[in-house]
Structure formats: C-alpha cells, structure tokens
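> Have a look; sequence and predicted model below, questions after that.
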Amino acid sequence: MLTLHTKLSASAGPGAAQPFARLVLPYELREKCRLRAVLSNGEEVAVFTVRGTVLRDGDLLAGEDRGKVVQVVAAREPTYKVTCADARSLLRCAFHLGNRHTQAQVGDGFLRIRADVVLKDMLAGLGASVVAEDAPFEPESGAYGGGHGHSHDGHGGHPLAPIPLRQKIHRPGDSAP
C-alpha cells in the first residue's frame with residue numbers, strides 16, 4: 001500500500017511532478033491527519049500528514065518514492081449556497097455563521113456551508129436565499145490559517161500564519177511590547 005505523507009509545492013515549473021492518480025475526498029476527510037482511502041485508479045493508500053494539516057483541492061502528495069505523486073481533489077458534497085440582495089445582508093449572514101463557529105466558504109457574492117437544516121432556517125430568517133447544491137466545499141481556513149502550511153519551497157505554503165500553540169491575548173490596558 002502506498003503511504004502519502006509529504007505535501008509538495010503545486011508550482012508547475014519545469015520538472016514539476018505530474019500526478020499519476022487523484023485522491024477525491026470530502027472536506028471532512030481532508031481535515032484528518034490519518035486515513036485510508038482509494039485513489040481514482042483503484043489503488044489503496046494511507047495518508048499520514050502533520051496534525052492540523054488541511055488538504056485543499058489541487059494539493060499534491062507524495063510518499064518516500066517521490067516519483068508517485070497524487071493530486072487531492074475536493075469531492076462534491078451536500079452544501080448550501082447562500083446569497084443575499086446586497087453585501088450588507090450577506091455580511092450579516094457571515095457574522096451569524098461565525099458566531100456559531102460554522103465553517104464557511106466565501107465566494108464572489110455568496111457563502112457556502114455544509115448542509116444543515118437549522119442553519120438554513122436561520123439564514124432564511126435573515127432574508128438570505130439558501131439553495132441546496134452538491135459542490136466541492138473549501139471553507140476559509142480561519143484567522144490563524146486553520147492548519148499547518150507544509151510547503152517545502154521556502155515561501156511558506158499558506159498566506160495566513162499557522163495556529164499558535166500559545167497566543168498572548170492583548171487587552172486594551174496592556175502596555176505596548
């Protein structure tokens with residue numbers, strides 16, 4: 001069984017690794033650091049990533065044998081696409097979703113969440129249009145990156161910082177550092 005554990009840079013320069021298969025997973029499984037799965041070619045694989053790593057659509061994974069590279073693909077899954085008549089109303093919906101610690105994908109003029117009837121009713125009550133659809137789910141990673149950017153190209157791997165182990169909380173009465 002092939003074991004995948006290294007996230008590769010997705011840069012498509014000369015000599016870039018070409019995937020030999022795809023690993024199609026819903027978001028729930030792309031958050032796991034340990035799992036067994038089946039590739040698009042039928043081969044079974046084990047995935048071992050650094051705790052906190054989130055696999056994103058298009059990520060490339062390899063094991064000890066870097067000649068075998070696999071491309072991660074976000075599976076279509078039950079979601080709701082949330083739209084509103086204006087930006088303020090959509091922002092209000094995003095606020096209420098965040099207040100409930102709900103993962104949300106932010107798109108151009110829409111939000112996407114996992115299908116949840118309670119949230120659907122809340123959003124409809126806020127005046128949003130909520131439409132069920134099967135779509136790849138790629139939620140925002142959160143204020144601190146939502147995981148460990150594991151790029152080896154020297155440029156980071158994620159535009160946001162990783163989650164700090166200990167975070168100093170700044171209070172208004174604190175003196176400047």
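That came through, no problem. Given the structure is predicted, the values throughout are model-derived calculations rather than measurements.
> Which parts of this protein are helices?
Ranges of helices in the chain, per DSSP state H, are 27-30, 87-99, 117-125.
> can you put those in TSV and add distance to V73, mean pLDDT and mean neighbour count?
Yep, even glycine has a C-beta here, placed from its N, CA and C like the rest. Shown next, in TSV, are those (distance: least, Cβ to Cβ, whole Å; pLDDT from 0 to 100; neighbours: other Cβ atoms under 10 Å):
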stretch	distance to V73	mean pLDDT	mean neighbour count
helix 27-30	10	95	17
helix 87-99	26	96	15
helix 117-125	26	97	14
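> which one of these lies closest to K81?
Proximity to K81 (Cβ to Cβ) singles out helix 117-125 among the helices of the chain, at 10.6 Å.
> Quick check: which ranges of the protein have low pLDDT?
10-16, 66, 143-177 (pLDDT under 70).
> Walking through it, point out its strands one by one.
2-4, 6-8, 21-25, 34-38, 44-48, 60-62, 69-74, 76-83, 105-107, 110-114, 129-136 (DSSP state E).
> The first one - contacts with which helices or strands?
This points to strand 2-4. Contact here means 3 or more Cβ pairs under 8 Å, 6 or more residues apart in numbering; DSSP states H and E; on that basis strand 2-4 packs against strand 44-48.
> Turn the strands of the chain into JSON lines, columns for distance to H96 and mean neighbour count.
Below are the strands of the chain laid out as JSON lines (distance: least, Cβ to Cβ, whole Å; neighbours: other Cβ atoms under 10 Å):
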{"stretch": "strand 2-4", "distance to H96": "38", "mean neighbour count": "18"}
{"stretch": "strand 6-8", "distance to H96": "33", "mean neighbour count": "20"}
{"stretch": "strand 21-25", "distance to H96": "29", "mean neighbour count": "18"}
{"stretch": "strand 34-38", "distance to H96": "32", "mean neighbour count": "13"}
{"stretch": "strand 44-48", "distance to H96": "34", "mean neighbour count": "16"}
{"stretch": "strand 60-62", "distance to H96": "36", "mean neighbour count": "21"}
{"stretch": "strand 69-74", "distance to H96": "25", "mean neighbour count": "21"}
{"stretch": "strand 76-83", "distance to H96": "11", "mean neighbour count": "18"}
{"stretch": "strand 105-107", "distance to H96": "14", "mean neighbour count": "15"}
{"stretch": "strand 110-114", "distance to H96": "11", "mean neighbour count": "20"}
{"stretch": "strand 129-136", "distance to H96": "13", "mean neighbour count": "14"}
